[in-house]
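Undergrad: Task: produce atomic coordinates for the following.
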Amino acid sequence: MRFAAAPLLFVSIAALAACSGEAQSDASAVPDETAVEPAAEANLLVLDPTVGEGGTPVDSAGVNEIFDPECVITEDGVANLGMPATLGEFVEAFPARTVLTFYPSYMVDFGALCARSDGEDAICAIFENYEIESYAGGIGISAFSVQSDVCRTAEGVGPGSPIADAVAAYGPATFGFNYDNEGREYVRFENEPAGYAFRAESATGEALEGDIVRAPGRHGGDYAGVSGDGSYFETDRAQPDATLWEIWINSR
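TA: Model (predicted):
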């Protein structure tokens, strides 16, 4: 359309010049005012100094700062942190004066040390909490828990992603929970990367009432009609609004 319109514009300008006697400049001298879209800025993980409820603050001196706020999730870690062996290494990988929260009891059998963003836990180093009551740098790390919706895998999947997006990236999903494992629901994908464990949630699932099969905590699976074996229950059906809320990265 642009090339068809240009000759008409030129003829119109030339005719006007002949009537007025004024010289017209070449149309090629007219500057191109085509708008250039600015480059999109990366969505960065902004850490904040809030301390989570029931936790105690742990400050970083930034001795080995390697934290990357672009927060890419990989099989080896998240936000360029790798998989530190100890909580002390995890703390010092963040910028100086970063405040992390130490939870001696984060869930049954596990504690956590978490960096926070927007007043919520964002990246947590998980440790077995047998008889651990206070922070010590030498405590060993068992896994990472990634909960910030800024963090994403190479395939664009992360906390907050609809289950449909995760299925598109990693294949069909299977939801399951086991009462012998505190009833925690996990989601497996047919082609998921090694070392990941996914957890989902659904407002629809949380609102269900009555004597029906469902995971006792946050869950995204639809277990209607599932009999299970009395302890373990599994389904390949997701609640319509199911999203991921957490990705675990297991240490190797």
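Undergrad: Mind listing the residues bridging to P162?
TA: Beta bridges link P162 to T243 when assigned by DSSP bridges.
Undergrad: List the contacts of stretch 121-130.
TA: Here stretch 121-130 makes contact (C-beta atoms under 8 Å, 6 or more residues apart in numbering) with 45, 47, 52, 71, 78-79, 81, 84, 87, 90, 101, 104-106, 109-116, 139-148, 150-151, 248. Heads up, the C-betas are built off the backbone N, CA and C, glycines and all.
Undergrad: Of the residues you listed, just the buried ones, PyMOL syntax please.
TA: Buried members of those, defined by 16 or more other C-beta atoms under 10 Å, are picked up in PyMOL with:
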select buried, resi 45+47+52+71+78+79+81+84+87+90+101+104+106+110+111+112+113+114+115+116+139+141+142+143+144+145+146+147+148+150+151+248
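Undergrad: Mind checking which of the contacts of stretch 121-130 are in strands?
TA: Here DSSP state E is the test, and these give 78, 101, 104-106, 110-116, 143-146, 248 as lying in strands.
Undergrad: show me what contacts the nearest residue to T86 once chain neighbours are set aside?
TA: Ranked by C-beta to C-beta, 6 or more residues apart in numbering and with sequence neighbours excluded, the top spatial neighbour of T86 is G138, at 5.5 Å. Counting by C-beta under 8 Å, 6+ apart, G138 makes contact with T86, L87, G88.
Undergrad: who's in contact with the first one?
TA: Translated: T86. Going by C-beta under 8 Å, 6+ apart, T86 touches G137, G138, I139, G140, I141.
Undergrad: Quick check: C151 vs F175, distance?
TA: Note on C151: its distance to F175, by C-beta to C-beta, to the nearest Å, is 22 Å.
Undergrad: circling back: filter the contacts of G138 down to just the ones in helices.
TA: Assigned to helices by DSSP state H, the following of these qualify: L87, G88.
Undergrad: in the stretch 151-252 of the chain, which spans are strands?
TA: Using DSSP state E, counting those that start in this stretch, the strands found in the stretch 151-252 of the chain span residues 152-153, 173-178, 185-189, 196-201, 232-235, 243-250.
Undergrad: Tell me which helix or strand E131 sits in.
TA: With elements delineated by DSSP states H and E, E131 resides in a region that no helix or strand encompasses.
Undergrad: Look at it and say how many residues are nearby.
TA: 6 (other C-beta atoms under 10 Å).
Undergrad: and I249, what are its bridge partners?
TA: Counting by DSSP bridges, I249 is bridged to F144, Y196.
Undergrad: Isn't it up against S142?
TA: No. Between I249 and S142 there is no contact under C-beta atoms under 8 Å: 10.4 Å.
Undergrad: End to end on stretch 83-101, go ahead and measure it.
TA: Length of stretch 83-101, first residue to last, C-alpha to C-alpha, to the nearest Å: 18 Å.
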